[in-house]
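Asks: Provided below for reference: sequence and predicted model.
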Amino acid sequence: MALEQNFQQMAKRVAEANLKSAFPQQTMGHLYGLYKQSTVGDNPVQQAPWQMFDPTGYGKWEAWNKFKGLEREEAQRRYIEYAKSILD
């Protein structure tokens, strides 16, 4: 199966699983960062939102920015592996 198709199927499984209440924020942030890197590429926002006033935005920025420079295909592979590890 092609990587892109496999990635899309896993992203759908993750969305349908509604994992937010079942896993810690760190786990969800890791998935978010890999997903954004897989679909958009590097985070275009240079500076993080100020944590005190936007903790959610800061967390998302930080999670995505961790994967800066990671190639799309590698981000998709890592997303698939990580999602499988928490879903199965």
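Replies: That came through fine.
Asks: Quick check: mean pLDDT of stretch 67-83?
Replies: The average pLDDT for stretch 67-83 rounds to 98.
Asks: what comes up buried for it?
Replies: Buried residues in stretch 67-83, counted by 16 or more other CB atoms under 10 Å: Phe67, Leu70, Ala75, Gln76, Arg77, Arg78, Tyr79, Ile80, Tyr82, Ala83. Every residue, glycine included, has its C-beta placed from N, CA and C.
Asks: where's the third one relative to Ala11, distance?
Replies: The gap separating Ala75 from Ala11 is 12 Å, by CB to CB, to the nearest Å.
Asks: Max pairwise distance over the buried residues of stretch 67-83: which two?
Replies: Farthest-apart pair in the buried residues of stretch 67-83 is Leu70 and Ala83; separation 16.0 Å (CB to CB).
Asks: circling back to that earlier point, kindly reformat the buried residues of stretch 67-83 as CSV containing secondary structure and distance to Gln47.
Replies: Compiled in CSV, the buried residues of stretch 67-83 are given as follows (DSSP: H, G, I helix; E, B strand; the rest coil; distance: CB to CB, whole Å):
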residue, secondary structure, distance to Gln47
Phe67, coil, 17
Leu70, coil, 20
Ala75, helix, 22
Gln76, helix, 27
Arg77, helix, 29
Arg78, helix, 25
Tyr79, helix, 25
Ile80, helix, 31
Tyr82, helix, 27
Ala83, helix, 29
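Asks: what does the helix or strand of the chain with the lowest mean pLDDT contact?
Replies: Every helix and strand in the chain was compared by mean pLDDT, DSSP states H and E; the lowest is helix 55-65, with a mean of 91. With contacts defined as CB atoms under 8 Å, 6 or more residues apart in numbering, helix 55-65 is touched by 25, 29-30, 32-33, 36-37, 43, 45, 48-51.
Asks: list the buried ones in that helix?
Replies: Buried residues in helix 55-65, counted by 16+ other CB under 10 Å: Gly59, Lys60, Trp61, Ala63, Trp64, Asn65.
Asks: Leu19: which of these is nearest?
Replies: Using CB to CB, the buried residues of helix 55-65 come closest to Leu19 at Ala63, 14.3 Å.
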